[in-house]
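> kindly return the folded structure for what I paste below:
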Amino acid sequence: MKNCIILFFIAGIVSSCGTSTQIVKSWKEPGASVSLEEVQKILVVALVRSEASRRTIEDQLVMRLQKKAFPSYVMMPGNLSGEDESAITAKLKGDGYDYVLMMRLADVDKETSYVPGSNVMPHYYRGYGGYYRYAAPYYYDPGYYREDKNYFIETTVYSVPDNKLLWVGTSKTVNPSRIDKAVNEVADAVSKKMKEEGFLK
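Model prediction:
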């Protein structure tokens, strides 16, 4: 497998709730599609520096795919960057895996934006005391600068029998608060995009 790549297969029920994650670009092999009913085994791997984070990510995705997916930390414990690609490929084929989805942290950037202060015109209340209590918070509410962290995750799906790239997409997550929440947001966004493009059936 390639170095510095987080591998996991994302599918499942598509939710349409508002999140901080969106797909910014994607590509699909013409004519390629995956039917979950026909899939037998999916390898779920997360290559990160922290072993605890790797297990959290893989376990979250395995739960989404239920009996279709298996975590890589069981089959390939330790540092994946030192694994031999041909040996991994032979093991995946021998164990009957159909797909591997590769994901990596492609980039992290900071974005600064200006948030203007309140400029709502207050209502005029009877007496200056009531007016002051209403208007003062707006008067003393200046604008400010906010810095957001954007995490760009690249997800790729490979066919194990053909060792061929079938789908790739990049998602953007703004200010993720927890790793498990971020993983599920990315999974939802990728699943939705795959369905829209006819890749996931």
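> and what about the residue positioned nearest the centre of the chain, helix, strand or coil?
Centroid check for the chain by Cα atoms, centre = their mean gives Val186 as the closest residue, at 2.4 Å. For Val186, the assignment made with DSSP: H, G, I helix; E, B strand; the rest coil gives helix.
> wait, it sits on Thr21?
Yes. Val186 lies in contact with Thr21 (Cβ atoms under 8 Å); the separation is 5.6 Å. Backbone N, C-alpha and C define where each C-beta goes, glycine included.
> give the residues shared as contacts by those two.
Common contacts of Val186 and Thr21 (Cβ atoms under 8 Å, 6 or more residues apart in numbering): Ser171, Thr173.
> okay, now the unreliable bits of the protein?
Counting by pLDDT under 70, the ranges of the chain that qualify are 1-19, 80-83, 117-142.
> in it, what residue spans correspond to strands?
Shown for the chain, the strands assigned by DSSP state E span residues 6-7, 21-28, 42-44, 69-71, 99-115, 144-159, 164-174.
> show me the beta-bridge partners of the spatially closest residue to the residue nearest to the centre of the chain that is not a sequence neighbour.
Spatially, and ignoring its direct neighbours in sequence, Val186 is nearest to Ser171 (5.2 Å; Cβ to Cβ, 6 or more residues apart in numbering). Note on Ser171: beta-bridge partners Ile23, Ile153, judged by DSSP bridges.
> check contacts around Ser171.
Ser171 neighbours (Cβ under 8 Å, 6+ apart): Thr21, Gln22, Ile23, Val24, Phe152, Ile153, Thr155, Val186, Ala189, Val190.
> can you turn the buried part of these into a PyMOL selection?
Buried residues among the contacts of Ser171 (16 or more other Cβ atoms under 10 Å), as a PyMOL selection:
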select buried, resi 21+23+152+153+155+186+189+190
